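> build the 3D model from these lines:
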Amino acid sequence: MSVIALKIDVDTYRGTREGVPALARLLEKHDAPATFLFSLGPDHTGRALKRVFRPGFFGKVTRTSVVEHYGIKTLMYGVMLPGPDIGRREAEGLRAIRRAGFETGVHTWDHVRWQDGVADADEAWTRRELVRATERYAEVFGERPTVHGAAGWQMNEAAYRLQAELGYTVASDGRGEHPYWPCNAQGEVIGPVQLPSTLPTLDELIGLDGWTVDNVHEALLARTRDLAPLHVYTLHAELEGQKLAPVFERLLRGWRDQGYRFATVGDCARQLDLSALPRCPVALGTIPGRSGTLVVQQAALA
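Residues are numbered from 1 along each chain as shown. Purely as a prediction, here's the structure:
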């Protein structure tokens, strides 16, 4: 059977408060399982504005109306306003998602800090950030997390090794085509099994090639028309959980009409023959519609 794993990245305080419950209601309406990955520390979204000097970033935020989707207040957190502690202030809301039957996991501690800093960070920095998020998750949910999805699809080799050390069993940290074992250049497996995002995100498509909020679902449905065993679609509480909810609902209906069923990242991982998965070196690359580099699946080792 063909499956689409729905992976929800929750980046901000507003996304946690408003987008997450709205998405939960929409998913329940369509009887669609999903994995919610939470940012668990301070919301410092405003500090991301320094990316304006990154090639391609200004064009992306212009196309996707960042102010409209995130709000002025969110864009001031960490710059002109103190960043609210998401995991502490919204702990009950996070637990409500788990009680509703959805899978939960870790996205990051400080989204902007991880996305902008981890690629060049050392082991000590990486350990501090990942341990903070892991411990906060355990504090909120009363158990250790097993699912991880990196903020901004950004990682380093130490982060993969720490995932294994901290008890994560499945991750969706990058972009790619199929599940694999992350390894170093020597072929040593360094982290848990990876289920990369296989489809573009809405903000990578809207405003390009004639795609608008009214027809962008057609771009994604065209990519899934030929049924595949597994796709992983990453959506955002700040986008599909708010103003782009109608687009997401059209996708849910369209994918079901194409013959897909929905599942969590963890459920998909449990169905895999892990011994048959390829080993792929970890590396950064580029993705159309997104500025900068991010984790991109590499060719499998022989």
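
> and residue 27, how far from residue 46?
30 Å (CB to CB, to the nearest Å). The C-beta positions use only the backbone N, C-alpha and C, and glycine is treated the same way.

> mind listing the residues bridging to residue 4?
residue 231, residue 262 (DSSP bridges).

> you'd agree residue 221 is up against residue 255?
Yes - applying CB atoms under 8 Å, one finds residue 221 in contact with residue 255, separated by 7.3 Å.

> okay, the two: which has more neighbours?
residue 255 (24 against 16; other CB atoms under 10 Å).

> quickly find the element holding that one.
helix 245-258 (DSSP states H and E).

> in this protein, what residue spans correspond to helices?
With DSSP state H as the criterion, the chain has helices at 13-14, 20-29, 57-63, 66-70, 72-76, 86-89, 91-99, 111-117, 123-141, 157-166, 202-205, 216-223, 245-258, 265-270.

> for these, give me a markdown table that also has mean pLDDT and distance to residue 293.
Shown next, in a markdown table, are the helices of the chain (pLDDT from 0 to 100; distance: least, CB to CB, whole Å):
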| stretch | mean pLDDT | distance to residue 293 |
| --- | --- | --- |
| helix 13-14 | 94 | 27 |
| helix 20-29 | 98 | 28 |
| helix 57-63 | 46 | 12 |
| helix 66-70 | 58 | 20 |
| helix 72-76 | 69 | 24 |
| helix 86-89 | 96 | 26 |
| helix 91-99 | 98 | 30 |
| helix 111-117 | 96 | 11 |
| helix 123-141 | 98 | 17 |
| helix 157-166 | 97 | 15 |
| helix 202-205 | 96 | 14 |
| helix 216-223 | 98 | 22 |
| helix 245-258 | 98 | 27 |
| helix 265-270 | 98 | 23 |
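
> out of these, flag the one nearest residue 38.
Ranking those by proximity to residue 38 (CB to CB) places helix 91-99 first, at 5.9 Å.

> burial count for the residue nearest to residue 127 when sequence neighbours are not counted?
Leaving aside its sequence neighbours, residue 127 sits nearest to residue 162 (CB to CB, 6 or more residues apart in numbering; 5.9 Å). When counting by other CB under 10 Å, one arrives at 21 neighbours for residue 162.

> what sits against residue 162?
123, 126-127, 130-131 (CB atoms under 8 Å, 6 or more residues apart in numbering).

> next: residue 268.
Under the criterion of CB under 8 Å, 6+ apart, the contact list for residue 268 reads 3, 5, 179, 195, 230, 232.

> got the residues you listed as CSV, with pLDDT, distance to residue 84 and neighbour count columns?
Listed next are the contacts of residue 268 as CSV, based on pLDDT from 0 to 100; distance: CB to CB, whole Å; neighbours: other CB atoms under 10 Å:
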residue, pLDDT, distance to residue 84, neighbour count
3, 98, 36, 19
5, 98, 30, 25
179, 98, 35, 26
195, 98, 31, 28
230, 98, 36, 19
232, 98, 29, 25
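
> identify the farthest-apart pair in those residues.
3 and 179 (11.6 Å).

> what sits in contact with each of those two?
Contact criterion CB under 8 Å, 6+ apart; residues shared by residue 3 and residue 179: 230, 268.

> circling back: including distance to residue 31, could the contacts of residue 268 go into CSV?
CSV is the format used below for the contacts of residue 268 (distance: CB to CB, whole Å):
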residue, distance to residue 31
3, 14
5, 15
179, 25
195, 22
230, 19
232, 19
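
> still on that earlier bit, among the contacts of residue 162, name the buried ones.
When the contacts of residue 162 are checked for burial by 16 or more other CB atoms under 10 Å, the buried set is 126-127, 130.

> sorry, back to before: relative to residue 37, how far out is the residue nearest to residue 127?
Distance of residue 162 to residue 37, given as CB to CB: 17 Å.

> give the contact list for the closest residue to residue 42 other than its chain neighbours.
In space, residue 42 comes closest to residue 83 once its chain neighbours are excluded; the distance is 3.8 Å by CB to CB, 6+ apart. Going by CB under 8 Å, 6+ apart, residue 83 touches 13, 42-46, 77, 110.

> give me the lowest-pLDDT entry from those.
Taken together, the contacts of residue 83 show their lowest pLDDT at residue 77, with 63.

> the nearest residue to residue 97 once chain neighbours are set aside bridge partners, please.
Leaving out its chain neighbours, the residue that sits closest to residue 97 by CB to CB, 6+ apart is residue 36, at 5.4 Å. Beta-bridge pairing for residue 36 (DSSP bridges): residue 8, residue 104.
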